[in-house]
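Colleague: structure for this input, please:
(one chain, ligands or ions: 2)
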Amino acid sequence: MAEIIVRNVRKEFGDFVAVKESSFTIEDGEFFMLLGPSGCGKTTTLRMIAGLELPTSGEIILDGEEISQKPPSERDIAFVFQMFALYPHMNVRKNISYPLVSQGMPRAQVKEKVAEVARILGIEDILNRPVGGLSGGDRQRVALGRAIVREPKAFMMDEPLGALDAEFREHMAEELRALHDRMGATTVYVTHDQLEAMQMGDKIVVMNNAVVEQFGTPQDIYDAPATMFVADFIGSPSMNFLGFNGTVSPGSGSVALNGCEMGVPELREAAQGDLVFGVRPEHIRLSTDGAYRGEVLATEYLGTTQIVTLDTPNGEVKARVASDQPAAMGETVGLEFNEQTVTLFDETSGRALRSKLNEGVLGHG
Ligand SMILES: Nc1ncnc2c1ncn2[C@@H]1O[C@H](COP(=O)(O)OP(=O)(O)OP(=O)(O)O)[C@@H](O)[C@H]1O
Ligand SMILES: [Mg+2]
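Modeller: Numbers count the residues shown, from 1 in each chain. Ligands and ions are numbered 1, 2, ... in the order given. This next block holds a predicted model:
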């Protein structure tokens, strides 16, 4: 059982701020993702939760207890490293039992626990093998076994699959998620792979430049991105950004985008100036008529869908449409956007202007 609250946590290394005031809550039993580009502060955040770094300010609360200044040994949190450090001269059984033996647990009990963990991970048949000759996947399982056997309150995993090749990585990701679903232990998982975060996570924190940009379910983050950074980072191809200068007020219904009237979601407050229309590729329809037009620059066939790249008055736009939709190179077609699926952003702040539709969404703070 572990609920973890991170409240206004900040980390400085000398003059450098690695994590700015960050807040989010990890509920008991969640598979929780910390997602963001390299250097944004993911590992530092994870290390602060585990106690391997102390925050400069702010609080970390584990099951109601403030632990931010406590050493790792008093937190009961297991850390699974990317470069899983196993003891190469020991066999699998010894590697897994090591944390229990060093706690002074009686031998019979250690044996029982190791057998149980080996069964959960499906590695009973390799218990007596030295870890030196194992495949990457088996080593990863042994490293997990060593973390699980302690029965900690929560697991911290820093890009645990980063060293594996793509196909095997996907397999291990499924295995990890299934393992989590069986054990139900709170898990915090760092990744820079948005697809991995979307597929595996119950909740996601998106970080950028030491700041939490958004916190919510994969669906919140995909459907109602709080910032242009999140909108761009999540989804492939990324959201299209169509800039314009104008005024949108509650009830205005539409804006002029390069001379064409475009439907907009109803906003809570008026906005004016440099605004951006954000539209996901799958929310664009191509038509023969339509006032907002673009020339087909390229098409990319993906089986059931195709990605059509268009040259529009706002620059290149990518649309994901059915693969049988005619779109010949050089042809000029109309683009239609559904106002329900468009996000409006203020270009200067990069923040989403909230519509009535998505105002209930989590984490736009
Ligand atoms: N001990 C340290 N001393 C000084 N700077 C540090 C220290 N640890 C991390 N940093 C800096 O803090 C920033 C955030 O680092 P962090 O390792 O948390 O990023 P990350 O999001 O995990 O990146 P990556 O995806 O590359 O692992 C980086 O600029 C890093 O160089
Ligand atoms: Mg890192």
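Colleague: so which other helices or strands are in contact with the longest helix seen in the chain?
Modeller: Assignment by DSSP state H gives helix 166-183 as the longest helix of the chain. With contacts taken as 3 or more CB pairs under 8 Å, 6 or more residues apart in numbering; DSSP states H and E, helix 166-183 sits against helix 107-121, helix 136-148, helix 194-200. Just so you know, the C-beta spots here come from the backbone N, C-alpha and C atoms, and that holds for glycine as well.
Colleague: residues in contact with the next helix or strand after that helix?
Modeller: Note on helix 166-183: by DSSP states H and E, the next helix or strand toward the C-terminus is strand 186-191. Contacts to strand 186-191, defined as CB atoms under 8 Å, 6 or more residues apart in numbering, come from residues 2-4, 26-35, 42-43, 46, 49, 153-160, 180, 197, 200-201.
Colleague: so which of the helices and strands packed on helix 166-183 is the most packed in?
Modeller: helix 136-148 (a mean of 22; mean count of other CB atoms under 10 Å).
Colleague: please work out which residue of the stretch 51-200 of the chain is closest to ligand 1.
Modeller: H192 (4.9 Å; CB to the nearest ligand atom).
Colleague: could you check how far that residue is from E159?
Modeller: Remark: distance between H192 and E159 (CB to CB, to the nearest Å) = 7 Å.
Colleague: then F215?
Modeller: From F215 over to E159 (counting by CB to CB), the distance is 20 Å.
Colleague: kindly report the same for F13.
Modeller: In terms of CB to CB, F13 sits 20 Å off from E159.
Colleague: which of the two has more neighbours?
Modeller: A direct count of neighbours by other CB atoms under 10 Å for F13 and E159 places E159 higher, at 19 against 11.
Colleague: where does pLDDT dip in the stretch 1-150 of the chain?
Modeller: 1, 81-84 (pLDDT under 70).
Colleague: so which residues of it form helices?
Modeller: Along the stretch 1-150 of the chain, counting by DSSP state H, counting those that start in this stretch, helices occupy 42-50, 92-102, 107-121, 136-148.
Colleague: same question for the stretch 151-300 of the chain.
Modeller: Along the stretch 151-300 of the chain, counting by DSSP H, counting those that start in this stretch, helices occupy 166-183, 194-200, 218-223, 228-233.
Colleague: please identify the deepest-packed of the ones you listed.
Modeller: Of the helices of the stretch 151-300 of the chain, helix 228-233 is the most buried (mean count of other CB under 10 Å), at a mean of 22.
Colleague: for that helix, packing partners?
Modeller: Using 3+ CB pairs under 8 Å, 6+ apart, helix 228-233 sits against strand 203-208, strand 211-216, strand 240-248, strand 271-279, strand 343-346.
Colleague: adding mean pLDDT, distance to ligand 1 and mean neighbour count, write those out as a markdown table.
Modeller: What follows is these, written out as a markdown table (pLDDT from 0 to 100; distance: least, CB to the nearest ligand atom, whole Å; neighbours: other CB atoms under 10 Å):
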| stretch | mean pLDDT | distance to ligand 1 | mean neighbour count |
| --- | --- | --- | --- |
| strand 203-208 | 98 | 7 | 25 |
| strand 211-216 | 96 | 12 | 24 |
| strand 240-248 | 91 | 24 | 17 |
| strand 271-279 | 92 | 25 | 18 |
| strand 343-346 | 93 | 24 | 21 |
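Colleague: burial count for D28?
Modeller: Counted with other CB under 10 Å, D28 comes out at 14.
Colleague: do V80 as well
Modeller: 20.
Colleague: bridging residues for the closest residue to it other than its chain neighbours?
Modeller: If the residues on either side of it in the chain are set aside, V80 comes closest to M157, at 4.5 Å by CB to CB, 6 or more residues apart in numbering. Beta-bridge pairing for M157 (DSSP bridges): V80, Y189.
Colleague: for M157, give me its contacts.
Modeller: Neighbour list for M157: 79-80, 176, 187-190 [criterion: CB under 8 Å, 6+ apart].
Colleague: mind redoing it with 7 Å?
Modeller: Counting by CB atoms under 7 Å, 6 or more residues apart in numbering, M157 touches 80, 187, 189-190.
Colleague: could those go into JSON lines alongside distance to T56?
Modeller: Shown next, in JSON lines, are those (distance: CB to CB, whole Å):
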{"residue": "V80", "distance to T56": "26"}
{"residue": "T187", "distance to T56": "26"}
{"residue": "Y189", "distance to T56": "24"}
{"residue": "V190", "distance to T56": "20"}
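Colleague: near ligand 1, which residues of this protein?
Modeller: Those residues of the chain that sit near ligand 1, judged by CB under 6 Å from any ligand atom, are 13, 16, 18, 36, 38-44, 192.
Colleague: rerun that using 8 Å as the cut-off
Modeller: Proximity of the chain to ligand 1, by CB under 8 Å from any ligand atom, involves residues 11, 13-14, 16, 18-19, 36-47, 53, 158-159, 190, 192, 207, 210.
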